[in-house]
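Participant: Next one to model:
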Amino acid sequence: RKDGKPQPGAFLLLVPTGEVHEIRTAFRQQSDLDGSFEIPGLDPGAYTLIAIDNGWDLDWQQDTVLSRYLPNAIPIQIPDSPNHTHELRDPIPVQSK
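Facilitator: Got it, this is the predicted structure:
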């Protein structure tokens, strides 16, 4: 959400929490028209989720760029369950580029 409204087209970046400052694995997605999203293929574990408005052209692999967005990132824990799904209880804040 941005300004209390669903944000379509937001750049979503999900990174294993242990790799936040030295990214080796990242999952990227775009929010749907209603602001929802799915990121398939995740292994169980701790992740950090960042949503950035119009963030597709950012050089997010650079720690100096990504560090700006980390204070408002959301920690996510994907459970070790048969379907490895996790529904977020609260909306993800979309940060301005």
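Participant: Now do the helices in this structure.
Facilitator: If DSSP state H is used as the criterion, the helices of the chain fall at 63-66.
Participant: What strands line up against the biggest strand by length in it, and which way round?
Facilitator: As assigned by DSSP state E, the longest strand anywhere in the chain is strand 45-52. Strand 45-52 has the following sheet partners, assigned by DSSP bridges: strand 11-16 (antiparallel), strand 74-78 (antiparallel), strand 94-95 (parallel).
Participant: burial measure for residue 83, as a count.
Facilitator: 6 (other C-beta atoms under 10 Å). For every residue, glycine as well, the C-beta is placed using N, CA and C.
Participant: Apologies, that question was intended for residue 44.
Facilitator: Residues near residue 44, counting by other C-beta under 10 Å: 12.
Participant: same deal with the one 5 residues further on?
Facilitator: The tally of other residues near residue 49 (other C-beta under 10 Å) stands at 19.
Participant: For residue 65, which residues are in contact?
Facilitator: Residue 65 sits next to 58, 59 when contact means C-beta atoms under 8 Å, 6 or more residues apart in numbering.
Participant: Roughly how far does it sit from residue 3?
Facilitator: 24 Å (C-beta to C-beta, to the nearest Å).
Participant: Nothing else from me, thank you.
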